[in-house]
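S.K.: Provided below for reference: sequence and predicted model.
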Amino acid sequence: MRKGNIIAGLICAALAVYVIVTCLGYPRAEAYGTGVPGPGLWPGIIAALLLICSVGLIVVTLMMKKDQFPELPMWTPGTKRVYISMAILLVYMLVLSTLGFIIPSVIMLFAFCQWFHKGAFWKNALISVIVVLAIYFVFKNFLNVPIDFGMFSI
């Protein structure tokens, strides 16, 4: 468990640094002249928080004694759901640039709503469409981050 925590912390820290460096290359709010934050603001904040948590995980792991680490089984019904969710998110990321934001996002959100919530089919479909369109509207109109890409975008 100790080695896994340190490896996970290092991978997350490297990802966070990569995102922060990438965000520094994005246009700033001044470039738009509207007072709206640039496209790198929120990813940069989230990456900074990820970096802080990664460093915290590594430090706490190094300070723990060997007898304090809990046993975590790798294959349980719960962990299988996590692995399947990660695979679905990976496929989503791979098709996102080709198909655009709206259609893959509605499908992914609907699939997760059906799988985790198990509510009425029509309610989950309606929630998926409304949430994705709200995200699209906020990014396009309030954050000045156009997410019109791919063959099926609006």
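M.R.: Now that the structure is in, tell me what you want to look at. What you are looking at is a predicted structure, and each value in this text was computed from that prediction instead of being measured.

S.K.: neighbouring contacts of stretch 80-91?
M.R.: Among residues not part of stretch 80-91, those counted as contacts by C-beta atoms under 8 Å, 6 or more residues apart in numbering are 108, 111, 112. Yep, even glycine has a C-beta here, placed from its N, CA and C like the rest.

S.K.: which parts of that stretch are buried?
M.R.: Within stretch 80-91, no residue counts as buried by 16 or more other C-beta atoms under 10 Å.

S.K.: quick one on the thing from earlier: identify, from the contacts of stretch 80-91, the entry nearest to residue 135.
M.R.: Set against residue 135, the nearest of these by C-beta to C-beta is residue 108 (12.1 Å).

S.K.: Could you measure from that closest one over to residue 40?
M.R.: Residue 108 is 24 Å from residue 40, where distance means C-beta to C-beta, to the nearest Å.

S.K.: Residue 94 now?
M.R.: 23 Å.

S.K.: can you tell me the helix or strand for residue 54?
M.R.: helix 41-63 (DSSP states H and E).

S.K.: So for that helix, mean pLDDT?
M.R.: Taken as a whole, helix 41-63 carries a mean pLDDT of 93.

S.K.: Please state the offset of it from the chain centre?
M.R.: Helix 41-63 sits 15 Å away from the centroid of its parent chain (C-alpha atoms, centre = their mean, to the nearest Å).

S.K.: elements contacting that helix?
M.R.: Packed against helix 41-63 by the contact rule (3 or more C-beta pairs under 8 Å, 6 or more residues apart in numbering; DSSP states H and E) you find helix 2-24.
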